[in-house]
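>>> What follows is a predicted protein model with its sequence.
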Amino acid sequence: MLQTRSTEPFKAPDVMPDSVKINNCLGAPEHGPRVLFFSGGSAFNGLSQHLTVYTHNSIHLITPFDSGGSSAALRQAFDMPGVGDLRQRLLALADQSAPNQRELCQLLRHRLSEHKSNEALHRELTEIISGQHELMCAVPSGTRNDITSQLATLCKRLPTGFDLHMASVGNLVLAGGYLASGNDMSASLNRFSALINIRGTVRAIVDDPLHLGVHLDNGHTFIGQHLLTGKESPDILSPVSSIFLSRSALEPDPVTALVNRENSQLITEANIICYAPGSFYSSLIANLLPDGVADAVGKAPCPKVFIPNLGVDPEQLGMNFSATIQALIRQLRHCSGDKPVSDLLNYVVIDSDRSRYPYELDLELLESLGVELLELPLVTSQSAPYYDDERLAQVLVSLT
C-alpha cells in the first residue's frame, strides 16, 4: 500500500500564477529559481525556451537512451549515449541575443539531406569542416574553429561508408566532442553548452551508453526506445509491464546504473522538481531508473509537481489516471527506500477543462495520498490542443 503524508509542507499561492514572483524573475532571470525537469524528447522544448525569460538556472536531466534517428547510427558506430534529445534541449535554451547566435544555432540544427548520395553528404560535411559551407559563413571564427575541431575528430573515427542521411550537425558535433574528451559525455555537453551560451543546465541522467528495455504484459520483451514511442515503429499492442536499462542493444542484458554526484546534487538543491509531460515511460520513468535519483528527489526540500499528458500517449496503453499516478510513485518509492509520498509528489497540475484528458481523474486517490490537484487555465485557443508554454512557465515559477 502507498504510504501517505501526514503534513502539508507546501502551499500553492492563493492566486495562481503569483504575479510578485513572476515580476521578480522577469527583472532578474539570472537569479531565477532552479526549476528541475525530468524529461526527454521534443515535447518540452517549447516550454524550456519560454522559461529562459524567467530564469537562467533551470535544470534539465535528459534520457540518453534514444535509439532512433541519426542518433542510432552514432550509437552503433561508437557505443556512445544517444545525443538527439540532449541536442534539442540545448538548442532550446540557447541565448539568442548574442551576435550571430541565430546563424550558429541554424548550423547546429541543420540536417543533411535524405535524398542525396552518401558520397555527396560526406563532401558536404567536409565543406562544413573546411568552413566553405554557406551555413558557416556567419559563424564567428573562434566558434567556427571549435566546431570544425570536433567534427574533424569525428571524421577521423567514422567507419568507412558511415551513413550520413538525415544526420544532424549538432549530433555530429556532440559526438565529436565525446570522442575528443575520451568518451566523456558530460565534457561534450559542457563544451556544447558554452558554445551556444545556454541559459540553464542540460545533463544526461547517466553518461553510460545504455539502452532502454521494455517488458510488456503479454510477455514480450524488446530493447530500443524507438520501438516503444510509436514514432518510428508501430504502437505497442500490449501495455507496458516494466522498463529496465540494458547494456546490450541486441538482447536483454539488465544493468544497474548509478546517478553521479553532480546530478544528485542538482536534484537535492532544486527549488522545484517537475515530472514533465511527454512520453511517459521513455522520457519520464526512464529518468528515474538509475539508482540514487529517487533518493535525491526524496531528500530535496522543495515542491514536486507532476504534469500529465494531454491527449493520448501510445506508451500509456491501458493506463488511466490512477494507474499513471501509481506507476510514477511506485517507481520513485522502489528506488528511494520506501519514502512517504509527501517526499516524492506534492502537486498534480492540470488544465481546468478536464475533458482534455483521455481518462477520468481519480480525486479520491489524490486525497488519500495527500497530493494537491491544481486546476488552472493552461490551454489557450492559440496553444490547443497543447499546454500554453507561457502559462505553464508562470505556474512553475509561482510554485518555487
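All right, it came through fine. Since we're looking at a predicted model, the values are computed, not measured.

>>> the helices in the stretch 51-200 of the chain, which residues?
Taking DSSP state H, counting those that start in this stretch as the criterion, the stretch 51-200 of the chain carries its helices at 69-78, 84-92, 101-109, 118-130, 141-157, 169-180, 185-196.

>>> would CSV of these with distance to residue 264 and mean pLDDT be doable?
Glycine gets a C-beta too; all of them are placed from N, C-alpha and C. Shown next, in CSV, are the helices of the stretch 51-200 of the chain (distance: least, C-beta to C-beta, whole Å; pLDDT from 0 to 100):
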stretch, distance to residue 264, mean pLDDT
helix 69-78, 25, 92
helix 84-92, 19, 96
helix 101-109, 29, 93
helix 118-130, 38, 95
helix 141-157, 28, 94
helix 169-180, 22, 98
helix 185-196, 13, 97
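
>>> So for residue 375, which of those sits nearest?
Residue 375 lies closest to helix 84-92 among these, at 27.4 Å (C-beta to C-beta).

>>> ok so, going back, closest one to residue 327 among the helices of the stretch 51-200 of the chain?
Of the helices of the stretch 51-200 of the chain, nearest to residue 327 by C-beta to C-beta is helix 84-92, at 21.2 Å.

>>> Poorly predicted segments of this protein, please.
Counting by pLDDT under 70, the chain has low-confidence residues at 1-9, 336.

>>> Show me the strands in it, by range?
35-39, 59-62, 201-204, 211-216, 221-223, 240-246, 272-275, 304-306, 347-351, 372-376 (DSSP state E).

>>> ok, the third one: who's next to it in the sheet?
Partner strands for strand 201-204, per DSSP bridges, with pairing direction: strand 59-62 (parallel).

>>> Quick one: distance of the partner strand to the chain centre.
Counting by C-alpha atoms, centre = their mean, to the nearest Å, strand 59-62 is centred 6 Å from the centre of its parent chain.

>>> Then stretch 307-319?
Worked out by C-alpha atoms, centre = their mean, stretch 307-319 lies 17 Å from the chain centre.

>>> And for stretch 329-341?
Counting by C-alpha atoms, centre = their mean, stretch 329-341 comes out at 21 Å from the chain centroid.

>>> one step back: as JSON lines, the helices of the stretch 51-200 of the chain with mean neighbour count and distance to residue 304 would be great.
Listed next are these as JSON lines, based on neighbours: other C-beta atoms under 10 Å; distance: least, C-beta to C-beta, whole Å:
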{"stretch": "helix 69-78", "mean neighbour count": "20", "distance to residue 304": "30"}
{"stretch": "helix 84-92", "mean neighbour count": "25", "distance to residue 304": "20"}
{"stretch": "helix 101-109", "mean neighbour count": "18", "distance to residue 304": "32"}
{"stretch": "helix 118-130", "mean neighbour count": "16", "distance to residue 304": "43"}
{"stretch": "helix 141-157", "mean neighbour count": "16", "distance to residue 304": "37"}
{"stretch": "helix 169-180", "mean neighbour count": "25", "distance to residue 304": "30"}
{"stretch": "helix 185-196", "mean neighbour count": "20", "distance to residue 304": "25"}
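
>>> Relative to residue 287, which of these is closest?
helix 84-92 (10.8 Å).

>>> and that closest one, what does it pack onto?
Secondary-structure packing of helix 84-92 (3 or more C-beta pairs under 8 Å, 6 or more residues apart in numbering; DSSP states H and E): helix 45-51, strand 59-62, helix 69-78, helix 101-109, helix 169-180, helix 185-196, strand 201-204.

>>> got a list of contacts for the second one?
Contacts to strand 59-62, defined as C-beta atoms under 8 Å, 6 or more residues apart in numbering, come from residues 34-40, 48, 85-86, 89, 93, 200-205, 263, 266-267, 270, 287.

>>> ok, back up a step: can I get the helices and strands packed on helix 84-92 in a markdown table including distance to residue 275?
Shown next, in a markdown table, are the helices and strands packed on helix 84-92 (distance: least, C-beta to C-beta, whole Å):
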| stretch | distance to residue 275 |
| --- | --- |
| helix 45-51 | 13 |
| strand 59-62 | 11 |
| helix 69-78 | 24 |
| helix 101-109 | 28 |
| helix 169-180 | 26 |
| helix 185-196 | 22 |
| strand 201-204 | 17 |
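
>>> the helices in the stretch 251-400 of the chain, which residues?
261-268, 293-299, 321-334, 363-369, 389-398.
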